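Asks: Kindly generate the corresponding structure for this input.
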Amino acid sequence: MIYWRLSGFYLFYFASLGALIPYWSLYLKSLDFSITEIGQLMAILMATKIVAPNVWGWIADHTGQRMTIIRVASLLVVISFAGVFISDAFWWLVVVLVVFSFFWNATLPQFEATTMSHLGDEMHRYSGIRLWGSVGFIVAAVGLGTLLGFFSVAVLPYVLLALFVLIWLNSLCVPESAAGHLQIDQEPLRKVLQRPVVLSLLGVCFLMQASHGAYYSFFSLYMDGFGYSTTVIGQLWALGVLAEIGVFLLMPVLMPRFGAYKLLLLAVVLTTLRWLLTALYADNLFIIIFSQSLHAASFGLYHAVMIFLIHSLFTGSHQGRGQALYSSISFGAGGAAGSLVSGYLWTGLGPQSMYLVAAVTSLCAVAVVLFFVREIPDGRADLI
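Replies: Modelled structure (predicted):
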């Protein structure tokens, strides 16, 4: 029963992502916002991750009421997002998105910590639970792609609100006991953060997610500019996540065989290849299909390895803040920077420049992994 309750949260949470990330920029375009304004509004969704996960992570680690925090934040997500129905003025949407995303970005890192705490010594089972999030993303991305082909993109906010309600209802089903904390003696958090390997990995997190800024904020608009329909665009998004599911299913085999370091290096190298192909061959559907399949590496493989490393390096009562730091530095600071810069690049140099810069950014991550990441937990002994 706990398996399905945990999986259900991922299912609905990433279904909301599958509706928001591919199509929110198209919705904003329908409101006649410029590319720069769209980049700014998309960046807000990621920028609040710099602060929100750390605030809620500190509260969760000090109160031990992780699921209570998730439930309250999920309810406030529903209430705050409803503000989009009041007005579509730019500055009103700025306020609504800041408040909404502050609560929305609080839930996932704490739920990741809850899941890992519940699994205990069976961390290899994480990917089997997390893959349901990928299923939710695919269903939402493909379903909405088809739906928007028949109806106006104006239906998107209603779909999102319904998904946020389902997230909140599911959070009520997960007992607080699932988030039980492992009480052990440990070094202060500041000493964990002073370790070179931790700083290097957080640097990789920032660079990797910054390279995804153009993808998460502008991929749908980018493909739309090459004449792809919303149905095909939705299927391309879904293909990427389908490849991600394949990796999640294979992680219990891949991690024991190859170890965390080799898998992380492979993920960042293939990410660079992905952005180069997207930049140079956007008009070739077959190459774009292949580049989308590389989402298996740029997100699936990378994320599964990083979740394991964060859980291994931030132990005991630091787990909540460890997951919060991972979220805020990568999806927050990195994602916001990538989204904001991509908007200016599109306006100033053209859309292709976004993905060329993304390739350079992920190449920097390759350099950090090669020359600065040392002595990371291997992963093989933990899973054999």
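
Asks: what's around the closest residue to Leu254 other than its chain neighbours, how many residues?
Replies: Nearest non-adjacent residue to Leu254, counting by Cβ to Cβ, 6 or more residues apart in numbering: Leu263, 6.2 Å away. (Glycine included, C-beta is placed from N, CA and C.) Using other Cβ atoms under 10 Å, Leu263 has 21 neighbouring residues.

Asks: Who are the contact partners of Leu263?
Replies: 254-255, 301, 305, 379 (Cβ atoms under 8 Å, 6 or more residues apart in numbering).

Asks: please redo it, this time with the cut-off set to 10 Å
Replies: 247, 251, 254-255, 257, 297, 301-302, 304-305, 308, 379 (Cβ atoms under 10 Å, 6 or more residues apart in numbering).

Asks: Next: Leu236.
Replies: Contacts for Leu236 (Cβ under 10 Å, 6+ apart) come out as 22, 141-142, 145, 219-220, 223, 228, 285, 288-289, 291-292, 295.

Asks: how much space is there between it and Phe102?
Replies: Noted for Leu236: a distance of 30 Å to Phe102, by Cβ to Cβ, to the nearest Å.

Asks: Would you mind checking the contacts of Leu236 for buried ones?
Replies: Buried members of these, counted by 16 or more other Cβ atoms under 10 Å: 22, 141-142, 145, 219-220, 223, 228, 288, 291-292, 295.

Asks: so where's the chain uncertain?
Replies: 1, 120-124, 176-189, 315-320, 374-384 (pLDDT under 70).

Asks: tell me the centre residue of it?
Replies: Phe331 (6.0 Å; Cα atoms, centre = their mean).

Asks: In three-state terms, label it for me.
Replies: Recorded secondary structure, Phe331: helix (DSSP: H, G, I helix; E, B strand; the rest coil).

Asks: Farthest pair within the contacts of Leu263?
Replies: Spatial extent of the contacts of Leu263 (Cβ to Cβ) is set by the pair Arg257 and Tyr302 at 17.4 Å.

Asks: So for those two, which residue has more residues nearby?
Replies: Taking other Cβ under 10 Å, Arg257 and Tyr302 do not tie; Tyr302 has more neighbours (28 against 14).

Asks: That one is in what secondary structure piece?
Replies: helix 302-313 (DSSP states H and E).

Asks: what about that helix, distance to the chain center?
Replies: Taking the mean of its C-alpha atoms, helix 302-313 sits 14 Å from the chain's own mean (Cα atoms, centre = their mean, to the nearest Å).

Asks: That helix packs against which elements?
Replies: Other elements packing on helix 302-313 under the criterion 3 or more Cβ pairs under 10 Å, 6 or more residues apart in numbering; DSSP states H and E are helix 90-119, helix 126-150, helix 196-211, helix 230-280, helix 319-326, helix 380-383.

Asks: on that earlier part again, and the residue nearest to the centre of the chain, what is it in contact with?
Replies: Neighbour list for Phe331: 45-46, 49-50, 53, 105, 108-109, 205-206, 208-209, 212, 216 [criterion: Cβ under 10 Å, 6+ apart].

Asks: Return the member of those nearest to Val232.
Replies: Nearest to Val232 among the contacts of Phe331 is Tyr216, at 18.3 Å by Cβ to Cβ.

Asks: buried set for the host helix or strand of the closest one?
Replies: Assessed by DSSP H and E, Tyr216 sits inside helix 213-225. Within helix 213-225, the residues scored as buried using 16+ other Cβ under 10 Å are 213-224.

Asks: Also stretch 5-13?
Replies: Residues 6-13 are the ones in stretch 5-13 that count as buried (16+ other Cβ under 10 Å).

Asks: Distance from the chain centre to that stretch, please.
Replies: For stretch 5-13, the distance to the chain centre is 15 Å (Cα atoms, centre = their mean).

Asks: how about the CA coordinates for stretch 225-243, as CSV?
Replies: This file holds the C-alpha atoms of stretch 225-243, laid out as CSV (Å, rounded to 0.1, in the frame of the first residue of the first chain):
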residue,chain,number,x,y,z
GLY,A,225,8.8,27.5,-35.2
PHE,A,226,9.9,24.5,-37.4
GLY,A,227,6.2,23.7,-38.2
TYR,A,228,5.7,20.8,-35.8
SER,A,229,2.1,20.4,-34.6
THR,A,230,1.2,20.3,-30.9
THR,A,231,0.4,16.6,-31.2
VAL,A,232,3.9,15.9,-32.5
ILE,A,233,5.5,18.2,-29.9
GLY,A,234,3.6,16.4,-27.1
GLN,A,235,4.8,13.0,-28.5
LEU,A,236,8.5,14.3,-28.6
TRP,A,237,8.2,15.3,-24.9
ALA,A,238,6.7,11.9,-24.1
LEU,A,239,9.4,10.1,-26.0
GLY,A,240,12.1,11.7,-23.9
VAL,A,241,10.3,10.7,-20.7
LEU,A,242,9.7,7.2,-22.0
ALA,A,243,13.5,6.8,-22.5
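
Asks: roughly how far out does that stretch sit from the chain middle?
Replies: The answer for stretch 225-243 is 18 Å, by Cα atoms, centre = their mean.

Asks: With stretch 208-226 instead?
Replies: With Cα atoms, centre = their mean, you get 14 Å for stretch 208-226.

Asks: again with stretch 65-80
Replies: The answer for stretch 65-80 is 19 Å, by Cα atoms, centre = their mean.

Asks: ok, Lys191 - contacts?
Replies: Lys191 touches Val198, counting by Cβ under 10 Å, 6+ apart.

Asks: now it: how far from Ser200?
Replies: From Lys191 over to Ser200 (counting by Cβ to Cβ), the distance is 16 Å.

Asks: now Trp92
Replies: From Trp92 to Ser200 the distance is 41 Å (Cβ to Cβ).

Asks: So for the two, which sits in the more crowded spot?
Replies: Ser200 (17 against 13).
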